[in-house]
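S.K.: For reference, the sequence and a predicted model appear below.
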Amino acid sequence: MATFSRRNLIKTGAALAPVLLTARPAAAAPPPTGLQTTGTAPAELAGFDEVMKTFVKEREISCAQLAISKRGRLLLARGYYTASQARYVPPVSPTSLFRIASLSKPVTAAAVMRLVQEGRLGLSAPVTTLLGLPAEADPRLAQVTVLRLMQHLGGWDRSVSLDHLWSDHAISAALDVPLPIDHADIIRYATARPLDFAPGTRMAYSNYGYMLLGRIIEKASGTDYESYVKEKVLAPLGITRMRIGRSLRSEAAAGEVAYASQYTAKTVLDDTGTTVPYPYGGFNVPNHDANGGWLASAVDLVRFAGVLDAAGPVLDAASIAKVLAKPEIGVSGDGWWYGCGWYVRQVPGNLNTWHAGGMPGTYTYLARLQNGFTYAALFNRREEQGTPDYDVLSSRMNAALNKVASWPATDLGPRYF
C-alpha cells in the first residue's frame, strides 16, 4: 500500500485532513523485583520489620505477614511478598488471609470455655458420654474428659500410632470407604483402636483430640462448629474475616494467599490417585477445622489473642484462669505447660503464652508476652528439607523486643479491623 507525505498530498490536490498530534504512551513501570512490603511499620518498631525481612529472604518465602499490638493497640501491620520476572506473587496486604494451622487450637479452646461459661458444657464431662463413643476397644476412653482433650492428655500419641488427621488413605482402606473421608470416619477408626497411654498421665500433642473438641462444640451448641465460633468468639471481638479454609486452589477465599511446598502427595479428595501439590489436595482442610483449619490475617490473630488480656465479651476472669491453669501433670522440665489451647510459661510478673502452627504450605506463630506485647507472624511455606530452621523466629523477635526504646502512640486498629 502506498504511503503519502504531506508534499504528495499537496501535489495530487488531495484534501488535507487535520494533523492529530497524540502523546506517546508512557513507558510502563518495570515490574517489582525482590522483597516488597505493604502496610505500616513505625520507625520505633523497625527492628521487628528487619527480623521478618531477613527471615523470609533466608528461606525464600514468597508471602508473609506480621502484626504487633501492645495493650490492645495495633502498632504494626505489615505484608511481605516477593516478585520476579518469571512469576509474580499477588501483593500481600496486612489483611490477606493465610491458613493458620494449629493456631486454630486456641480459637477452639476459647469456644469450649465459652460453652462452659454458658453452663452448656462441663470440663469433666467424658467424651464417651458427650459423643456417644463406645469404649470396648479401650475402657480408658471413658477417662478422656473435655479438659484432658484441651490439654493434650487424652491418650493419643502420634509418635506411637498414626496421627488420625493425616491418615486419610489408611483410614479409607481400613474402613473400606471411598475418599474423601469425613469426621465420622476418622472417629470410627480411632475409637476402634486402643489408646497409646492412660489419659491424664502425660502430654502428647494431639490433632485428633482437638478435632473431637470441634464435634463436642457442635453437640453442646446445637450448631456447626464454624458458626458457633464466629458468633460467640470472633464477632464479639470485632473479627469478621476469619473462616474455615478449603483444600483446592480454585476454592481459595477472596484475599487468600497462595501456598508453596517442594512436596507433592496423592490427593485425599477422591480415589483417583492423582498426584497434586501437597498444599492443594494432599490433605482435606475442612476435616482439620477445629485443630488446624482456620484462615486469618495476622491483625485478626493479635486481636483474638486479647481474649486472654482481661475479662471481656467472650470470656470472664474465671474462664481465663482455667485456660491458663497448670494441668494435672504439672510443669515440664523446661518450665512450661500446656493449658487450654496455649503453651504457658511463668516469667517474673507475667504469664507468657504462645502457639505455633504448621502444615504443608503454612508456618505460623502467635505470642503474648510481658508488658502487653503480642505479635502474630504468618508464612505461606513451612520448614522443609534444605531450608533453614524456622524455630529461630521467636528468639529473633524476643531480641528485637528487648531493643525497643519507645513505643508508637498511634493505633492502626481503625485502619485494619
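M.R.: Structure's in. What do you need?

S.K.: can you tell me which residues contact the residue positioned nearest the centre of the chain?
M.R.: The centroid of the chain falls nearest to Ile100 when counting by CA atoms, centre = their mean (0.8 Å). Taking CB atoms under 8 Å, 6 or more residues apart in numbering as the contact definition, Ile100 lies against 292, 294-296, 301, 357, 362, 364, 378. Yep, even glycine has a C-beta here, placed from its N, CA and C like the rest.

S.K.: run the last query once more with 10 Å
M.R.: Applying CB atoms under 10 Å, 6 or more residues apart in numbering, one finds that Ile100 lies in contact with 106-107, 242, 245, 292-298, 300-301, 355, 357, 359, 362-366, 376, 378.

S.K.: What pLDDT is listed against it?
M.R.: pLDDT for Ile100: 99.

S.K.: I'd like the distance between it and Arg193.
M.R.: 29 Å (CB to CB, to the nearest Å).

S.K.: could you say what helices and strands the helix or strand encompassing Gly79 packs with?
M.R.: Element membership of Gly79 [criterion: DSSP states H and E] is strand 73-83. Counting by 3 or more CB pairs under 10 Å, 6 or more residues apart in numbering; DSSP states H and E, the packing neighbours recorded for strand 73-83 are strand 34-40, helix 46-59, strand 63-70, helix 298-305, strand 373-379, helix 413-416.

S.K.: Please work out the average pLDDT along it.
M.R.: Averaged across strand 73-83, pLDDT comes to 95.

S.K.: quick one: the helices in the stretch 201-350 of the chain?
M.R.: Assigned by DSSP state H, counting those that start in this stretch, the stretch 201-350 of the chain shows helices spanning 207-221, 225-229, 289-292, 298-305, 317-324.

S.K.: can you list contacts of the third one?
M.R.: With contacts defined as CB under 10 Å, 6+ apart, helix 289-292 is touched by 99-105, 107-109, 111-112, 165, 183, 206-218, 224-226, 229, 244-245, 283, 285, 357-359, 362, 364.

S.K.: Buried ones from those residues, can you make that a ChimeraX selection?
M.R.: Selection of buried members from the contacts of helix 289-292 for ChimeraX, criterion 16 or more other CB atoms under 10 Å:
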select :99,100,101,102,103,104,105,107,108,109,111,112,165,183,206,207,208,209,210,211,212,213,214,215,216,217,218,225,226,229,244,245,283,285,357,358,359,362,364
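
S.K.: mind putting the helices of the stretch 201-350 of the chain in CSV, mean pLDDT and distance to Thr38 included?
M.R.: Listed next are the helices of the stretch 201-350 of the chain as CSV, based on pLDDT from 0 to 100; distance: least, CB to CB, whole Å:
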stretch, mean pLDDT, distance to Thr38
helix 207-221, 99, 33
helix 225-229, 98, 28
helix 289-292, 98, 26
helix 298-305, 98, 12
helix 317-324, 98, 33
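
S.K.: And those: which comes nearest Val146?
M.R.: Val146 sits nearest to helix 207-221 of all the helices of the stretch 201-350 of the chain, at 6.5 Å, using CB to CB.

S.K.: okay, the closest one in PDB with CA atoms only?
M.R.: Below are the C-alpha coordinates for helix 207-221, written out as PDB (Å, rounded to 0.1, in the frame of the first residue of the first chain):
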ATOM      1  CA  ASN A 207      -4.700 -33.100  66.500                       C
ATOM      2  CA  TYR A 208      -7.300 -35.800  66.900                       C
ATOM      3  CA  GLY A 209      -8.200 -34.600  70.400                       C
ATOM      4  CA  TYR A 210      -8.900 -31.100  69.100                       C
ATOM      5  CA  MET A 211     -10.900 -32.400  66.200                       C
ATOM      6  CA  LEU A 212     -13.100 -34.200  68.800                       C
ATOM      7  CA  LEU A 213     -13.500 -30.800  70.600                       C
ATOM      8  CA  GLY A 214     -14.900 -29.400  67.500                       C
ATOM      9  CA  ARG A 215     -17.600 -32.100  67.500                       C
ATOM     10  CA  ILE A 216     -18.300 -31.500  71.200                       C
ATOM     11  CA  ILE A 217     -18.800 -27.800  70.400                       C
ATOM     12  CA  GLU A 218     -21.300 -28.800  67.800                       C
ATOM     13  CA  LYS A 219     -23.100 -31.200  70.100                       C
ATOM     14  CA  ALA A 220     -23.300 -28.700  73.000                       C
ATOM     15  CA  SER A 221     -24.200 -25.700  70.900                       C
END
